[in-house]
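> got a predicted structure plus its sequence, pasted below:
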Amino acid sequence: MRSRYLPYATRPGRLIAQLISDLTVIVWVVIWVAVGAAVHTAIATIADVGQQVESGARGVAGNLNSAGNNADDIPLVGHTLSKPLRAETLDEVLKTWLGIGSRQLASRAGRLLLHTYGS
């Protein structure tokens with residue numbers, strides 16, 4: 001028994017249309033694979049930069065911690081001076097020096113700008 005299924009049309013016009021649509025899909029898939037590879041490369045580059053920034057930040061944190069340890073030896077003000085140098089977050093630094101957190105500082109700055117330049 002012979003199968004009557006033919007993957008492509010037997011009429012030339014219909015065959016050309018099918019081949020063009022198949023080639024269009026193949027080109028479309030190749031383009032999206034290339035876009036995916038480009039996005040992957042871009043994200044990998046950004047990740048490398050992020051890792052370098054993290055490494056640099058760890059070095060700065062270590063240097064600040066060392067400076068905090070040295071500042072702790074200053075008579076009378078050593079503890080107060082060393083506390084923000086050893087802080088782990090910006091909020092801790094702001095609370096030590098200004099008595100407010102970063103959100104409160106941003107809120108106050110926003111109100112000041114609105115008051116100054118607002119209508």
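Right, received. Where do you want to start?

> was I right about Asp72 contacting Gly78?
Yes - using CB atoms under 8 Å as the test, Asp72 is close enough to Gly78 to be in contact (4.7 Å). Yep, even glycine has a C-beta here, placed from its N, CA and C like the rest.

> just for this structure, where's the confidence low?
In the predicted model of the chain, residues 1-3, 87-103, 105-106, 108-110, 112-119 satisfy pLDDT under 70.

> can you do 80?
1-6, 8, 50-51, 53-62, 64-65, 78-119 (pLDDT under 80).

> scan it for its longest helix.
Among the elements of the chain assigned as helix by DSSP state H, the one spanning the most residues is helix 12-71.

> that helix packs against which elements?
Under the contact criterion of 3 or more CB pairs under 8 Å, 6 or more residues apart in numbering; DSSP states H and E, the helices and strands touching helix 12-71 comprise helix 78-85.

> against which helices or strands is the helix it packs on packed?
helix 12-71, helix 90-97.

> give me the neighbour count for Gln51.
Burial of Gln51 is recorded as 10 neighbouring residues (other CB atoms under 10 Å).

> quickly note the distance from it to Asn63.
Between Gln51 and Asn63 the computed distance is 19 Å (CB to CB, to the nearest Å).

> could you do Ile46 as well?
To Asn63, Ile46 is 26 Å away according to CB to CB.

> next: Leu15.
If you measure Leu15 against Asn63 using CB to CB, the figure is 72 Å.

> possible to save the helices and strands packed on helix 78-85 as JSON lines with distance to Ser107?
Converted to JSON lines, these look like this (distance: least, CB to CB, whole Å):
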{"stretch": "helix 12-71", "distance to Ser107": "26"}
{"stretch": "helix 90-97", "distance to Ser107": "12"}
